[in-house]
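Asker: Need coordinates for the below:
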Amino acid sequence: LGNRLMAAPDEDSCYEEITRLMVILFDFKKVAFGMLTETEYFLLKRVVVVRHDKRNGEAVAGCSFEANSNSFDLEYLNSDDRRPLAGTACGVCTSTMKEQYFPDLRTSQFSTHQVLRRNGMNSVLCVPILVNGSKCCGAILLCRPALDGFSKQDRVLLADMALLLGANIYAKRMVAESAKNLRRQRDMLQSVIPPQVLDKIEVFWNEDSEEYKSGNLLGHPRRHLTKAVTRQQTTKCLKMTTSGAIRGMSL
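Answerer: Below you'll find the predicted structure:
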């Protein structure tokens, strides 16, 4: 699971990978992720398992299947509406950063649990998604129709899976934020420096350029660039190129 989460390209792919594993291990019909957006609200990411009947090839939502079968698809029902944490099991789970287990929903005081009970669910488990064991970014929300449907071994395994998910969500968000900052810097650079200058210096960061791919920048291999071109030479070259481009624009 750790390798698959690390290889996932983005945060949504992490949710998909861990959902697929939980479906195979625990035969869940639905998996939900309550992800924090602010201190008082969260977004609900719901995943419905659509399994394929091997007898006729039809897709049936929530039908039973063999535990070692991979014949299922995931249907995403993400919600863009912020939901309040107050008065929910997800809110208690994220604030205490501890597992919240409700083996019998008949004794639960949460209104959302009574809705689940009317839909045939009788036990609920909320597992916090922790980052470095000290910060909570959300919770995994699971339910089952059986009373006391989660054993101690199940809860320990799900807690470990949530820790792996939290570490990889943090890493994916850091990569996405870094890419966003890089785009901002490039946009700012393009608004300040004339296009003629950018055409000459973009080879230093544009990984799609032939010079960058070949590793030959300013006539020198990239690994020897710092030795071949001093900071003073680079600054002088940029000043000369910029001043020439500005004179050309004024003409």
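Asker: which residue ranges form the helices in the stretch 151-251 of the chain?
Answerer: 152-192, 195-201, 210-214, 225-228, 231-250 (DSSP state H, counting those that start in this stretch).
Asker: hey, least reliable of those helices by pLDDT?
Answerer: Across these, helix 225-228 has the smallest mean pLDDT, namely a mean of 42.
Asker: Partner strands of the longest strand anywhere in the chain and their direction?
Answerer: Counting by DSSP state E, the longest strand found in the chain is strand 41-52. When pairing is defined by DSSP bridges, strand 41-52 lines up against strand 30-36 (antiparallel), strand 59-61 (antiparallel), strand 72-78 (antiparallel), strand 83-84 (antiparallel).
Asker: For stretch 98-116, the averaged confidence score.
Answerer: Average pLDDT, stretch 98-116: 94.
Asker: Any idea which of the strands paired with strand 41-52 has the lowest pLDDT on average?
Answerer: Across the strands paired with strand 41-52, strand 59-61 gives the lowest mean pLDDT, at a mean of 42.
Asker: Going by neighbour count, list what's buried in stretch 137-146.
Answerer: Neighbour-count burial for stretch 137-146 flags Cys137, Gly138, Ala139, Ile140, Leu141, Leu142, Cys143, Arg144 (criterion: 16 or more other Cβ atoms under 10 Å). All C-beta atoms are positioned from the backbone trio N, CA, C, and that covers glycine.
Asker: likewise stretch 99-107?
Answerer: For stretch 99-107, the buried set under the neighbour-count rule, 16+ other Cβ under 10 Å, comprises Glu99, Gln100, Tyr101, Phe102, Pro103, Leu105.
Asker: Output the residues you listed in TSV, with secondary structure appended to each entry.
Answerer: Below are the buried residues of stretch 99-107 laid out as TSV (DSSP: H, G, I helix; E, B strand; the rest coil):
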residue	secondary structure
Glu99	coil
Gln100	strand
Tyr101	strand
Phe102	strand
Pro103	coil
Leu105	helix
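Asker: Which of those residues sits closest to Asp148?
Answerer: Checking the buried residues of stretch 99-107 against Asp148 with Cβ to Cβ, the nearest one is Pro103 at 3.9 Å.
Asker: so who does the closest one touch?
Answerer: When contacts are counted by Cβ atoms under 8 Å, 6 or more residues apart in numbering, Pro103 touches Ser123, Leu147, Asp148, Gly149, Phe150.
Asker: Done for today, thanks.
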